[in-house]
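# sequence and predicted model, in that order:
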Amino acid sequence: MKEITVTIRDGENRRELTLESGTPLLRLVNQDPTFGQMIVAAKVDERLVELGYRLFRSAEVEFVTTATPIGYDMYKRSLILLMVRAYFEVFPEKRIRVLYSLGQGFFCTVHDTEERILEPTPQELAEVKKVMRRLVEEKLPIEKKVVKTSDAVRLFRERGMEQKAELFRYRRASRVNLYSLDGYEDYFYGYMLPSTEGLSRFNLIQFDDGFVLVVPRRNSLEIGRGHGAPESLYTALREAEDWGNQLGLSGVGQLNTEICNGHLNDLILIQEAVMEKQIADIAEEIHSQKKKLVLIAGPSSSGKTTFSNRLSVQLRAHGLTPHPIAMDNFFKERVDTPKDENGQYDFECIGAMDLELFNNTMERLLEGEEVPMPRFDFTLGEKKFDGRTLKLTPEDVLVVEGIHALNPASTYALPSDSSYKIYISALTQLNLDEHNRISTSDTRLLRRIVRDNRTRGNNAANTIRMWESVRRGEERNIFPYQGEADALFNSALIYELPAIKIFAEPLLFTVPQDCEEYYEAKRLLKFLDYFLGIDSSTVPTNSLLREFIGGGCFEI
């Protein structure tokens, strides 16, 4: 038997192994999740592969764990397959839909053959969990199969998975990869674990008219008791889902069909009208409650700036005069900015804000004083007072936007009864199909890639490189305070990914293959390939999407 030399790379460390040609990567790893992470994939000579991959020549191997975004997604995806497979065994006449991320899990619904929702009982979920645990204990293989696309569509229709069947109507490739677990075949967007071994960290919790598949935390693989999402978030997600269902659009295949049938313009007009009504309703609440301070926060690329502008227009329609204020102008001087564990300035922590000045300024404004307003010079790293002042009249409203706006520590000196808090995020209505959801984070990342290239000259690789740090900042500084909001605004547009596809694809293709960010760029390109592109000229100039693709009527 031919022998090969494999170099295992772990950071700066290297070790060499002599192996028989054809050795699968799986033989080199331990998939025990006891230590807080698992090896779930590998990079062989910088190419991402599953652990079933066999080594036939000498190569350099770097293992991918669940502590990485790629590895964590693989674990969650494999858990979904495990859950769907178990449900199919216990209740073969029922169908599962994985709808959206909800805190530390995924909200799912159970349907009959007529697509009516069947509320699961605790006993039903207990039976499914029992089968899931048995499948894990048996360490069954998760096998990849290459089949004709037409055969896959036939299988989907037989199983009542019409969203999958519709999605693959628009697939150019003649073949597709299916994953098989103990005889159950399904399609999943992205790589999977090689077996059920290690998929022991999960829970099923009854919730509303469905259930939550609780997944372990990324950095520890610990499982919590519940999903941990605020009620307001679930309500907004469910409203978005219901609205999509009313239009007959719950999967990407159906959206593509609407585009092909020439219904795009109507879809855009309806979506924008619904969004404008929601903004108008928020403005009405602010006016009727006589609020003087509006606080807006949300994660990166959620459309906060355009939303603030559109809200200001609606406030003017109610006879109010809004004054937009960016919390970024209240940064501490650069020399006083805290640093992170790597010695870099941490601009996203609340300690980077001059909260004393912010609270003093807002307090004096609310008391009717004329107050000098700062402008932060990011080049010099210091605040400037250039003579600009502000004094409120009875009809004036302060509209403050910033990542810490909903954190009570940011407004410690201000009367709570004078403020109205708004949380904004892009909560995607669509899924790829019944079992493959569209990540809200992916939508926001694509928005940011396009916007940062247009406004800052950043290439896609740089934006992707920064994204993990941005997400960590959101987990610390934004998500914990969404429950503080008086209103939650969903900035996702059901037509936006077909529109943004045309701008994002050329940028993603520029990411070099020898670059660490190549894998993420390749994944996003594959994701966008599911959508038919549309001409962005039909997007209204006041749309939130214009904040990212350009051509809007507001100064951004």
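Yep, that arrived.

# show me where pLDDT drops low in the chain?
Within the chain, the stretches with pLDDT under 70 are 1, 31-32, 34.

# ranges for the helices of it?
For the chain, the helices defined by DSSP state H occupy 69-90, 122-137, 149-158, 162-168, 231-246, 252-260, 264-288, 304-317, 355-366, 440-456, 460-477, 496-508, 518-528, 546-549.

# in a markdown table: those helices, plus distance to V110 and mean neighbour count.
For every residue, glycine as well, the C-beta is placed using N, CA and C. Listed next are the helices of the chain as a markdown table, based on distance: least, CB to CB, whole Å; neighbours: other CB atoms under 10 Å:
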| stretch | distance to V110 | mean neighbour count |
| --- | --- | --- |
| helix 69-90 | 8 | 21 |
| helix 122-137 | 8 | 16 |
| helix 149-158 | 18 | 16 |
| helix 162-168 | 16 | 21 |
| helix 231-246 | 15 | 16 |
| helix 252-260 | 21 | 20 |
| helix 264-288 | 28 | 16 |
| helix 304-317 | 35 | 20 |
| helix 355-366 | 48 | 18 |
| helix 440-456 | 23 | 20 |
| helix 460-477 | 31 | 17 |
| helix 496-508 | 27 | 21 |
| helix 518-528 | 27 | 19 |
| helix 546-549 | 36 | 22 |
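
# of all those helices, which one comes closest to K332?
Among those, helix 355-366 comes nearest to K332, with 8.9 Å by CB to CB.

# that closest one packs against which elements?
Other elements packing on helix 355-366 under the criterion 3 or more CB pairs under 8 Å, 6 or more residues apart in numbering; DSSP states H and E are strand 371-372, strand 396-401.

# mind putting those in CSV, distance to R316 and mean neighbour count included?
Compiled in CSV, those are given as follows (distance: least, CB to CB, whole Å; neighbours: other CB under 10 Å):
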stretch, distance to R316, mean neighbour count
strand 371-372, 22, 14
strand 396-401, 10, 21
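
# of the helices of the chain, which is nearest A409?
helix 355-366 (7.1 Å).

# and that closest one, how far from the chain's centre?
34 Å (CA atoms, centre = their mean, to the nearest Å).

# C-alpha coordinates for that helix, CSV please?
The C-alpha trace of helix 355-366 is given here as CSV (Å, rounded to 0.1, in the frame of the first residue of the first chain):
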residue,chain,number,x,y,z
LEU,A,355,-21.7,59.1,28.5
GLU,A,356,-21.3,62.0,30.9
LEU,A,357,-21.3,64.5,28.1
PHE,A,358,-24.1,62.7,26.2
ASN,A,359,-26.4,62.6,29.3
ASN,A,360,-25.6,66.2,30.2
THR,A,361,-26.3,67.4,26.7
MET,A,362,-29.6,65.5,26.3
GLU,A,363,-30.7,66.5,29.8
ARG,A,364,-30.1,70.2,29.2
LEU,A,365,-31.8,70.0,25.8
LEU,A,366,-34.9,68.4,27.3
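
# want to try JSON lines for the helices of the chain, with distance to E341 as columns?
Output for those, formatted as JSON lines (distance: least, CB to CB, whole Å):
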{"stretch": "helix 69-90", "distance to E341": "19"}
{"stretch": "helix 122-137", "distance to E341": "36"}
{"stretch": "helix 149-158", "distance to E341": "47"}
{"stretch": "helix 162-168", "distance to E341": "43"}
{"stretch": "helix 231-246", "distance to E341": "30"}
{"stretch": "helix 252-260", "distance to E341": "40"}
{"stretch": "helix 264-288", "distance to E341": "39"}
{"stretch": "helix 304-317", "distance to E341": "28"}
{"stretch": "helix 355-366", "distance to E341": "23"}
{"stretch": "helix 440-456", "distance to E341": "23"}
{"stretch": "helix 460-477", "distance to E341": "11"}
{"stretch": "helix 496-508", "distance to E341": "31"}
{"stretch": "helix 518-528", "distance to E341": "23"}
{"stretch": "helix 546-549", "distance to E341": "31"}
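
# and of these, who's closest to R47?
Nearest of these (CB to CB): helix 518-528, 9.1 Å.

# run the angle between that closest one and helix 496-508 for me.
Orientation of helix 518-528 against helix 496-508 (axes from the mean of the first three to the mean of the last three CA atoms, to 10 degrees) gives an angle of 140 degrees.

# packing partners for helix 518-528?
helix 69-90, helix 440-456, helix 460-477, helix 496-508.

# any idea which of these gets closest to K383?
Among the helices and strands packed on helix 518-528, helix 460-477 sits nearest to K383 (CB to CB), with 20.8 Å.

# what packs against the closest one?
helix 440-456, helix 496-508, helix 518-528.

# got the angle between the first one and helix 69-90?
Angle, helix 440-456 to helix 69-90, by the same axes, to 10 degrees: 150 degrees.

# what's the answer for the shortest one, then?
For helix 518-528 and helix 69-90, the angle between their directions (the same axes, to 10 degrees) works out to 40 degrees.

# pull the CA atoms of helix 518-528 into CSV?
The C-alpha trace of helix 518-528 is given here as CSV (Å, rounded to 0.1, in the frame of the first residue of the first chain):
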residue,chain,number,x,y,z
TYR,A,518,-12.3,32.8,0.2
TYR,A,519,-14.5,30.1,1.8
GLU,A,520,-17.1,32.6,3.1
ALA,A,521,-17.1,34.4,-0.3
LYS,A,522,-17.6,31.1,-2.1
ARG,A,523,-20.4,30.2,0.3
LEU,A,524,-22.2,33.5,-0.3
LEU,A,525,-21.8,33.1,-4.1
LYS,A,526,-23.4,29.7,-3.9
PHE,A,527,-26.2,31.2,-1.7
LEU,A,528,-26.9,34.0,-4.2
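
# with adjacent residues omitted, what lies nearest to the most centrally placed residue in the chain?
Centroid check for the chain by CA atoms, centre = their mean gives S441 as the closest residue, at 2.0 Å. Of all residues not flanking S441 in the chain, R471 sits nearest, at 6.8 Å (CB to CB, 6 or more residues apart in numbering).

# ok, the closest residue to R14 other than its chain neighbours - contacts?
Leaving aside its chain neighbours, R14 sits nearest to T7 (5.7 Å; criterion: CB to CB, 6+ apart). Residues near T7 by CB atoms under 8 Å, 6 or more residues apart in numbering: 14-17, 59-61.

# compare those and tell me which is most surrounded.
When neighbours are counted by other CB atoms under 10 Å, V61 leads the contacts of T7 with 19 neighbours.

# contact partners for that residue?
6-9, 25, 28, 42-44, 55.

# so which of the helices and strands packed on helix 460-477 is nearest L247?
Using CB to CB, the helices and strands packed on helix 460-477 put helix 496-508 closest to L247, at 14.6 Å.

# what's the closest one packed up against?
helix 440-456, helix 460-477, helix 518-528, helix 546-549.

# at 7 Å instead, please
Packing partners of helix 496-508 (3 or more CB pairs under 7 Å, 6 or more residues apart in numbering; DSSP states H and E): helix 440-456, helix 518-528, helix 546-549.
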